[in-house]
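Colleague: Starting from these lines, generate the structure:
(one chain, ligands or ions: 3)
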Amino acid sequence: MAATLTTLALAAAPALADDAETFTVNVTGDASDVNLGDGLCDVDLGLPINCTLRAAVGEAGDGDTTSTDTIGFDTSGGGIGLVTTLTLGGMLPDINEPTIVDGCSATPASTSPCVGVRATSTATDVFRVTSGGSPVTIRGLALTNAFRGVAALVVTDGLQIQNDWFGIKVDGTGEAIDTGVAITADDAVIGGTTAAARNVFANAAVGVTVFRGDDTVIQGNYFGTNAAGTAVAANGKDIELGGNGSDDSPTGTVIDGTQPTPAPVLAPAT
Ligand SMILES: [Ca+2]
Ligand SMILES: [Ca+2]
Ligand SMILES: [Ca+2]
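Modeller: Ligands and ions are numbered 1, 2, ... in the order given. Take a look at the predicted model:
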């Protein structure tokens, strides 16, 4: 009987235009979406669909704060390629709704990033997650040449950072970044207990800064190493806690270098 009721309820539910959607980046340019809000990530009207990262972030910001949109990447031979770095011409639109950005959407078993994103300069952020952007997951990306790879600002609780490199390009070579991840909200998880969740922070002034926000978990990452964890690629600071004011005192931060195996310690941060 329960199954029958469920079936009836599903059949009676109206189609929602703002259900969770997936936008797949399939071109390497930096153009904006030509018609925001139409549910298509496309930088030029009509076929073919040409979806840039900038257009995908814009189209995912469709005003729906109840379902999670996914931004994936076509890393097949016909898409943006296997080892591709996208270079931004400026700041991306803020992410202010529940969103998953998954560089390895085409190869979800990958334990290293599948797409690189370079900011314009080390004065420019790549991803800024702002009010309403909860939960947000950023994974499978190599972020370089940025002020902040990911900045979680204001009420963006529950940010998840997994299988990302900061300060290392997708081909494994180093390229500087100022700050890998900046946190000002509660319950961020950076890394995890599996190798597939590991992030690497290298060649940065600061790897992770928890400026404000409680109960951040920083677990199972490599700091100040190359991608393999076998050579030094030092950060100025690996992890920085607390800001400058009396309300900038994060509490409950967990820093765990034992999962899934002890992180290599090759040299202290410079
Ligand atoms: Ca559109
Ligand atoms: Ca088109
Ligand atoms: Ca959305």
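Colleague: I'd like to know which residues of the stretch 1-150 of the chain are adjacent to ligand 2.
Modeller: Counting by CB under 5 Å from the ion, the residues of the stretch 1-150 of the chain close to ligand 2 are 42, 44, 50. The C-beta positions use only the backbone N, C-alpha and C, and glycine is treated the same way.
Colleague: do that again at 6 Å, thanks
Modeller: Residues of the stretch 1-150 of the chain lying near ligand 2 by CB under 6 Å from the ion: 42, 44-50.
Colleague: What about the residues you listed, which one has the most neighbours?
Modeller: Neighbour tally across those (other CB atoms under 10 Å): the maximum, 22 neighbours, falls on residue 42.
Colleague: what residues are up against that residue?
Modeller: When contacts are counted by CB atoms under 8 Å, 6 or more residues apart in numbering, residue 42 touches 33-35, 49-51, 55.
Colleague: Now tabulate the residues you listed in CSV and tack on distance to residue 146, secondary structure and pLDDT.
Modeller: Formatted as CSV, the contacts of residue 42 follow (distance: CB to CB, whole Å; DSSP: H, G, I helix; E, B strand; the rest coil; pLDDT from 0 to 100):
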residue, distance to residue 146, secondary structure, pLDDT
33, 22, coil, 98
34, 26, coil, 98
35, 28, coil, 96
49, 28, coil, 96
50, 24, coil, 96
51, 22, coil, 97
55, 20, helix, 98
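Colleague: returning to that earlier point: list the ones among the residues of the stretch 1-150 of the chain next to ligand 2 that fall in strands.
Modeller: Secondary structure defined by DSSP state E assigns none of those to strands.
Colleague: hang on, the earlier thing: go through the contacts of residue 42 and name the one nearest residue 197.
Modeller: Distances from residue 197 to the contacts of residue 42, taken as CB to CB, are shortest for residue 51 (27.0 Å).
Colleague: any idea how far that closest one lies from residue 116?
Modeller: Between residue 51 and residue 116 the computed distance is 17 Å (CB to CB, to the nearest Å).
Colleague: Looking at these two, which has the bigger crowd around it?
Modeller: residue 51 (27 against 22).
Colleague: That one and residue 43 touch, don't they?
Modeller: Yes: using CB atoms under 8 Å, residue 51 makes contact with residue 43 at a distance of 7.2 Å.
Colleague: what touches both of those two?
Modeller: residue 27.
Colleague: which bits of the protein sit near ligand 3?
Modeller: Residues of the chain lying near ligand 3 (CB under 6 Å from the ion): 60-62, 64, 69, 97.
Colleague: re earlier: TSV for the residues of the stretch 1-150 of the chain next to ligand 2, including distance to residue 160?
Modeller: Compiled in TSV, those are given as follows (distance: CB to CB, whole Å):
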residue	distance to residue 160
42	28
44	33
45	35
46	36
47	35
48	32
49	28
50	29
